[in-house]
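In: Sequence plus the predicted model coming up.
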2 protein chains.
Amino acid sequence: MRTSQYLLGTMKETPADAEVISHQLMLRAGMVRKVASGLYTWTPTGLRVLRKVEQVVREEMEKAGAIEVLMPMVQPADLWEESGRWHDYGPELLRIKDRHNRDFVLGPTHEEVISELVRKEINSYKQLPLNLFQIQTKFRDEIRPRFGVMRSREFIMKDAYSFHTTQESLEDTYKTMFDAYCNIFNRLGLDFRPVIADTGSIGGNMSHEFHVLASSGEDDIAFSDSSDYAANVELAEAVAIADEPLAATQAMEKIATPEAKTIKALVEQFDINIESTVKTLIVHAADTTAKDTKAPANAPAKLVALIIRGDHELNEIKAAKHSAVASPLVFASDEEIRAAVGAGPGSLGPVNLTMPVIIDRAVASMSDFAAGANEEGFHFFGINWNRDVALPEVADLRNVRAGDASPDGKGTLNIARGIEVGHIFQLGTKYSEAMKAGVLNEDGKNQSLIMGCYGIGVSRIVAAAIEQNNDANGIIWPTAMAPYQVCILPMNMHKSARVQEVAEKLYAELKAAGVEVLFDDRKERPGVMFADMELIGIPHTIVIGERNLDEQAVEYKNRRSGEKETLKIADVLARVQSA
Amino acid sequence: MRTSQYLLGTMKETPADAEVISHQLMLRAGMVRKVASGLYTWTPTGLRVLRKVEQVVREEMEKAGAIEVLMPMVQPADLWEESGRWHDYGPELLRIKDRHNRDFVLGPTHEEVISELVRKEINSYKQLPLNLFQIQTKFRDEIRPRFGVMRSREFIMKDAYSFHTTQESLEDTYKTMFDAYCNIFNRLGLDFRPVIADTGSIGGNMSHEFHVLASSGEDDIAFSDSSDYAANVELAEAVAIADEPLAATQAMEKIATPEAKTIKALVEQFDINIESTVKTLIVHAADTTAKDTKAPANAPAKLVALIIRGDHELNEIKAAKHSAVASPLVFASDEEIRAAVGAGPGSLGPVNLTMPVIIDRAVASMSDFAAGANEEGFHFFGINWNRDVALPEVADLRNVRAGDASPDGKGTLNIARGIEVGHIFQLGTKYSEAMKAGVLNEDGKNQSLIMGCYGIGVSRIVAAAIEQNNDANGIIWPTAMAPYQVCILPMNMHKSARVQEVAEKLYAELKAAGVEVLFDDRKERPGVMFADMELIGIPHTIVIGERNLDEQAVEYKNRRSGEKETLKIADVLARVQSA
């Protein structure tokens, strides 16, 4: 492609409204343009990258036995009524009416449509397993679209849905998809982690997210330095720090602490280690008796105390999963706490607390620790379990931290930020039961289909790759995603017939060999040409100038390593094909 | 692909609600499934064909210098307000509101979005011409979607938009696109005609439609048997049948015709040729004086008489384009006719008619003809121009018919039905003026961009190709569109290890050579396998059976020609690659 006949669209200035580096660079490199909030046009350079990602995804899905289909973007509401999501899905589901006033949605996902297809097409276990995928435009009416195509409203997704009659078959396909996803992200040249994930509202049993590691990520990922273990911090297990508490060395003592309303104040005023303090958090209990007894409507909420070490963070997802705790988690108000305990949130602790208590594993191995006395302005110091207060129920309640032992027993955990670019789920029968999608099984009986679903954010991958691959000069594309492999920069071509001749000849030669070349034939200063090509992130730059031509040579520059070398013109093709 | 691991979805029965053959065959061959009115899922076989069409379109567009982009399907209403189409476009434009109650449309076309892009990106004539295209899902809220994907609501279109500062440059690109379209339809193996078209409401100067010829088409196409001339019948010029009328041989005579209210009755009762009669049609005149005079609001409409030969059809589009005639065409009511003429529609004619008269070219060369006498129940016979009544204004007012002379002077016209699959327009400045899309021209002055637009109905091509290529057994794919090139049908494979071994080996060999093969490894009777593969329309069938294996041979069948031959296994690859 000649830049003179191309829509390059590069910009020097960083657009004011782009917060993250990928959004800035996609605008500056002429990859996308905003049409409205969360709606973008992919301009030529961006679309080339997008199509490369699509093609890698398509090839690996097909290798893994999945079959491509294309479902409509506009979906009839009645299917969503059947699944229950017409009512359950929030305002991110864009509901529309056609000219006959019938209800439709603009599809954010396609479980309903694929279940409708499969329940009509598949009758017997003999036609299974089946794994169908599509690469398609989706719409999610984000309340606050941001970060460019990273969180846009219209986006391109690969979604796949598998159908089975046995859990083993689902697990087989799940494993195949797990491997296919690893192949995809490896081929794309991305540093990624498959992580155990919370299934959230989609339901089902098992789920992995695939994260591209990048500091701008919205998720915290914990991963072992010595094994494959990786999990979203929301879900990563925090193992016990020690099997047993150390032996007690202090007597328990009640001390007036009128100025110590926080852990920080307590630690500073009394010069103790924060690791010797605990935080007591009061939450609503699971209302397990509500269906059996007729409690008055205005009866006070039942409460539970959760205790974690002073320097740890409560993991609200883990807490809400505990059977004694209300889900979703509800923190007790100050009034509720004072009514139940007789003291405020700054003075709580396990000793003399008259409600169920659950302590974190790390708290169970503490000794000689400090906690509120459940009496306004007083703390106990030198508390020891069993001696001063019975050991309560122990559970995993906290977020893991860097340096924690990996829960698989191998190595310690690191924490990094990740951008979610893929998600695979074992859905089970959630949709097939609601939508009566069944088949005859080997026993000749009708059975609900067991489903898996597998998503990849195709357009988001483009942004995530840039977050991970950039420098001060612009994007540094992994080879598989680069919009062009090579750019040819002729220096002052319009003044030198020799430069022009060599440039045209090399351009023709590389194109004939199937290399994707951007030939910068604009009448621009060398500085502008270099800056544009570095910004766009083309892996190989060939500079053609008068001073090397006597030796039949050109200058080569590698975008990633920055290395330069002088190459014979005859060696250029081999050089750019070698990496 | 093995059929056992595929979603074949073939059906024996013709679905009751499918009217046209392409819709029936697409359902029966497992190519599409209906999700809701005008909304379809492309199942695997259909999607493979769709992608082949897409790829041919993409390649030829790129060869022709167009650059691919991808615009959002959801478009902000404000751009449509700017162009005026928010109000002008009918209910086929689906208007939607997002969660913040802002107005958007689901794009049926992208003139607004591309104009917005280009007015921001392009500043100078030096960056032009530019031709941008996309292949994308579109939505048009048809009041009555029908014929499957032929007239669906969601469909896939290739739309391209070119930008220029001179009409010559537009015409260059228009010509390039014309040629690219011919290349596309030729490569796809379709019998098509580029036809001069009416631009309808899109406006602009020059326009061609590309029609695939098929009896189920919705348009009538007139084309020369001896040249490239082709035009939509709406627009095809009807040339004069003779330069001069024959000399008069009869005297004009007024005859009572109380029973002859129609041409047919007149011809039968008086035993004359229909070619010696004329029809007089009264329409509203163009209201050219309305702006100048203050005519009373209830003043009678001014009228014009249009006269065509008794056996010809009025071409309403041509008539409405005449400067003396109201556009759109409005036929005068019986009351209006009686008030103006004093006789009803069955008794009209040119003699003694007190209103402007326009006659068709064919009428101008008539002699000794019959027409109403403008007196209830009377006709004149033996009318001759100039002798009996002054020759009125002559214009082209009728539809051409098969056998008419081609307007380019070469050969005679045929008429065939066509399915419109492409349309190219010279748009001019309609959008760029409304949306203030201008650039600096060579004189340093701001100038509105001159635009062209070029559409191809990618999904419609699939249906149109089937309309043109089918027989009683199913689809007969042109090679370039076939979902698979070859199918392997092993006879009773599950009972013969030798058949299975040869089939597996041949499958592996063809796949390795890059041939797209469908391997029917189902436990089905041979008759079912044959019927399915003929229905799907795969060009080459290889039948592997015990009886040929001693000779290391298989049976080959060509889907289009129906020819069968016995082939050595070693020759199969060469045979299927040869055509």
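Out: Yep, it's here.
In: From here on, just use CA atoms for contacts and neighbour counts.
Out: Noted.
In: Might you name the residue of the stretch 51-200 of chain A sitting closest to chain B?
Out: residue A:71 (4.2 Å; C-alpha to the nearest C-alpha).
In: looking at it, that residue is touching residue A:135, isn't it?
Out: No. Residue A:71 lies out of contact with residue A:135 (C-alpha atoms under 8 Å); the separation is 9.4 Å.
In: Quick check: residue A:331 touching residue A:301?
Out: No. Residue A:331 lies out of contact with residue A:301 (C-alpha under 8 Å); the separation is 10.8 Å.
In: Over to the residue nearest to the residue of the stretch 51-200 of chain A closest to chain B when sequence neighbours are not counted: give its phi and psi.
Out: In space, and not counting its chain neighbours, residue A:71 is closest to residue B:41: 4.2 Å by C-alpha to C-alpha, 6 or more residues apart in numbering or on different chains. Main-chain dihedrals, residue B:41, degrees, to the nearest 10: phi -90, psi 130.
In: Give the full set of residues in contact with residue B:41.
Out: A:69-72, B:32-35 (C-alpha atoms under 8 Å, 6 or more residues apart in numbering or on different chains).
In: and if you look at residue A:230?
Out: A:193-196, A:221-224, A:236.
In: Mind checking what helix or strand follows the helix or strand containing residue A:456 in sequence?
Out: For residue A:456, the element it lies in under DSSP states H and E is strand A:450-457. Tracing the chain past strand A:450-457, the next element assigned as helix or strand by DSSP H and E is helix A:458-468.
In: Straight-line length of stretch A:129-147, end to end?
Out: 38 Å (C-alpha to C-alpha, to the nearest Å).
In: List the buried residues in that stretch.
Out: By 16 or more other C-alpha atoms under 10 Å in any protein chain shown, the buried positions in stretch A:129-147 come out as A:129-142, A:145-147.
In: how much space between the nearest residue to residue A:316 once chain neighbours are set aside and chain B?
Out: Of all residues not flanking residue A:316 in the chain, residue A:329 sits nearest, at 6.8 Å (C-alpha to C-alpha, 6+ apart). Distance of residue A:329 to chain B, computed by C-alpha to the nearest C-alpha, to the nearest Å: 28 Å.
In: Contact partners for the residue of the stretch 251-400 of chain A found nearest chain B?
Out: In the stretch 251-400 of chain A, the residue that lies nearest chain B is residue A:328 (25.3 Å; C-alpha to the nearest C-alpha). For residue A:328, the contacting residues are residue A:320, by C-alpha under 8 Å, 6+ apart.
In: Distance check, it against residue A:532.
Out: Taking C-alpha to C-alpha, one finds residue A:328 at 50 Å from residue A:532.
In: residue boundaries of the strands in the stretch 251-400 of chain A?
Out: With strands called from DSSP state E, counting those that start in this stretch, the stretch 251-400 of chain A shows them at A:253-256, A:278-284, A:303-309, A:357-360, A:369-372, A:378-383, A:393-395.
In: For residue A:269, which non-adjacent residue is closest in space?
Out: Spatial nearest neighbour of residue A:269, excluding adjacent residues (C-alpha to C-alpha, 6+ apart): residue A:260 at 7.5 Å.
In: Assess the claim that that neighbour and residue A:270 are in contact.
Out: No. Checked against C-alpha under 8 Å, the pair residue A:260 and residue A:270 is beyond contact range at 9.3 Å.
In: any residues touching stretch A:493-511, and which ones?
Out: Contacts for stretch A:493-511 (C-alpha under 8 Å, 6+ apart): A:488-492, A:516-517, A:519, A:521, A:523, A:544-546, A:549, A:569, A:573.
In: rerun that using 7 Å as the cut-off
Out: A:490, A:517, A:519, A:544-546, A:573 (C-alpha atoms under 7 Å, 6 or more residues apart in numbering or on different chains).
In: What are the buried residues along that stretch?
Out: Buried residues in stretch A:493-511, counted by 16+ other C-alpha under 10 Å: A:493, A:499-500, A:502-503, A:506-507, A:510.
In: Just read off the phi/psi values of the residue of the stretch 51-200 of chain A closest to chain B.
Out: As for residue A:71, its main-chain torsions (degrees, to the nearest 10) stand at phi -100, psi 160.
In: Keep only the buried residues of stretch A:129-147 that also lie close to chain B.
Out: residue A:141 (C-alpha under 7 Å from any C-alpha of the partner chain).
In: What segments of the stretch 401-550 of chain A are strands?
Out: A:413-428, A:438-440, A:446-448, A:450-457, A:470-471, A:474-475, A:486-490, A:517-519, A:540-544.
In: Make JSON lines from the ones you listed and add distance to chain B and mean pLDDT to it.
Out: Below are the strands of the stretch 401-550 of chain A laid out as JSON lines (distance: least, C-alpha to the nearest C-alpha, whole Å; pLDDT from 0 to 100):
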{"stretch": "strand A:413-428", "distance to chain B": "21", "mean pLDDT": "95"}
{"stretch": "strand A:438-440", "distance to chain B": "15", "mean pLDDT": "94"}
{"stretch": "strand A:446-448", "distance to chain B": "19", "mean pLDDT": "95"}
{"stretch": "strand A:450-457", "distance to chain B": "16", "mean pLDDT": "97"}
{"stretch": "strand A:470-471", "distance to chain B": "24", "mean pLDDT": "97"}
{"stretch": "strand A:474-475", "distance to chain B": "20", "mean pLDDT": "98"}
{"stretch": "strand A:486-490", "distance to chain B": "18", "mean pLDDT": "97"}
{"stretch": "strand A:517-519", "distance to chain B": "13", "mean pLDDT": "98"}
{"stretch": "strand A:540-544", "distance to chain B": "22", "mean pLDDT": "97"}
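In: So for residue A:427, which of the strands of the stretch 251-400 of chain A sits nearest?
Out: strand A:393-395 (27.3 Å; C-alpha to C-alpha).
In: Packing partners of that closest one?
Out: Applying 3 or more C-alpha pairs under 7 Å, 6 or more residues apart in numbering or on different chains; DSSP states H and E, we find strand A:393-395 packed against strand A:357-360, helix A:361-364.
In: Which of the ones you listed sits closest to residue B:115?
Out: From the helices and strands packed on strand A:393-395, taking C-alpha to C-alpha, the stretch that ends up closest is strand A:357-360, at 60.7 Å.
In: ok, residue A:249 - how many residues close by?
Out: 11 (other C-alpha atoms under 10 Å in any protein chain shown).
In: Backbone dihedrals for it, please?
Out: phi -120, psi -10.
In: rewinding a little: for residue B:365, which of the helices and strands packed on strand A:393-395 is the nearest?
Out: strand A:357-360 (104.5 Å).
In: so what secondary structure elements neighbour the closest one?
Out: Where contact means 3+ C-alpha pairs under 7 Å, 6+ apart, strand A:357-360 is packed against strand A:303-309, strand A:393-395.
In: Tell me the gap between it and the middle of its chain.
Out: 30 Å (C-alpha atoms, centre = their mean, to the nearest Å).
In: Just the C-alpha atoms of it, please, in PDB.
Out: These are the backbone C-alpha positions of strand A:357-360, laid out as PDB (Å, rounded to 0.1, in the frame of the first residue of the first chain):
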ATOM      1  CA  VAL A 357     -18.100 -14.800  64.600                       C
ATOM      2  CA  ILE A 358     -16.000 -16.000  61.600                       C
ATOM      3  CA  ILE A 359     -12.300 -15.400  61.500                       C
ATOM      4  CA  ASP A 360      -9.900 -15.500  58.600                       C
END
